[in-house]
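> Here is my input; please provide its structure:
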Amino acid sequence: MASSSPPCLLKAYYEQFQSDFSLFLRCRSAELQEGGSMVLTFLGRRSEDPSSKECCYIWELLAVALNDMVAEGLIDEEKMDSFNLPHYTPSPTEVKCEVGKEGSFTINRLEVSQVNWNAYHGEFCPSDAHKDGGYNVAKLVRAVAEPLLVSHFGDGIIEEVFSRYQKIVADRMSRETTEFVNVTVSMTKRG
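Predicted coordinates:
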């Protein structure tokens, strides 16, 4: 999803999140005893807008790298147009709603926190190896996206995509504050 995604796509991704998260909660409920607790932390967003920058920006920057390669003829435009990354970042309100609808758990605490893309932002860094936040973020995103990219585009483009992506991310990190938003929820299984 991206800030330019049509409303029907946003709705489809939200409905898939509802289905998947409800199934996840049912399965975890079957594993826990009454009164058992569970804490989940996952990427989310503060905003109620599912296409907001706080949840889509990191993927939009990957799209920049891919689109640059399309413009240079390194990736087929039709392949790019048919590529979708199945990713949804829920808001705290959406998490609360789904936990309530599923009904197996009581929410003890629901929090939102931010984590700077540069793990050493403003802190002492004993090694130069950790100073390139673009490298670190690109490796993180690569761990998630590489299998999907290889499956769709083949493995011949992967090194180039992530080399470009690392530079794009490093550039943005040098010019603006970039953060991941985490949603953390503590729940107890109902009796």
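> phi, psi of the residue nearest the centre of the chain?
With distances taken as CA atoms, centre = their mean, the residue of the chain nearest its centroid is L43 (5.4 Å). With angles defined as degrees, to the nearest 10, L43 sits at phi -60, psi 140.
> Tally up the residues packed near the closest residue in space to it that isn't next to it in sequence, please.
Nearest residue to L43, sequence neighbours excluded (CB to CB, 6 or more residues apart in numbering): T89, at 5.0 Å. In this view, the C-beta of every residue, glycine as well, is placed from N, C-alpha and C. Using other CB atoms under 10 Å, T89 has 24 neighbouring residues.
> On the three-state scheme, T89 is what?
What DSSP: H, G, I helix; E, B strand; the rest coil gives for T89 is coil.
> Quick one: residues contacting it.
F42, L43, G44, R45, P50, E54, C55, V181 (CB atoms under 8 Å, 6 or more residues apart in numbering).
> is it possible to export those residues to a markdown table including secondary structure, pLDDT and distance to P147?
As requested, those are arranged in a markdown table below (DSSP: H, G, I helix; E, B strand; the rest coil; pLDDT from 0 to 100; distance: CB to CB, whole Å):
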| residue | secondary structure | pLDDT | distance to P147 |
| --- | --- | --- | --- |
| F42 | strand | 91 | 19 |
| L43 | strand | 90 | 18 |
| G44 | coil | 92 | 23 |
| R45 | coil | 91 | 24 |
| P50 | coil | 83 | 24 |
| E54 | helix | 79 | 25 |
| C55 | helix | 78 | 21 |
| V181 | strand | 91 | 24 |
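> was I right about P50 contacting E15?
No: taking contacts as CB atoms under 8 Å, P50 lies outside contact range of E15: 11.4 Å.
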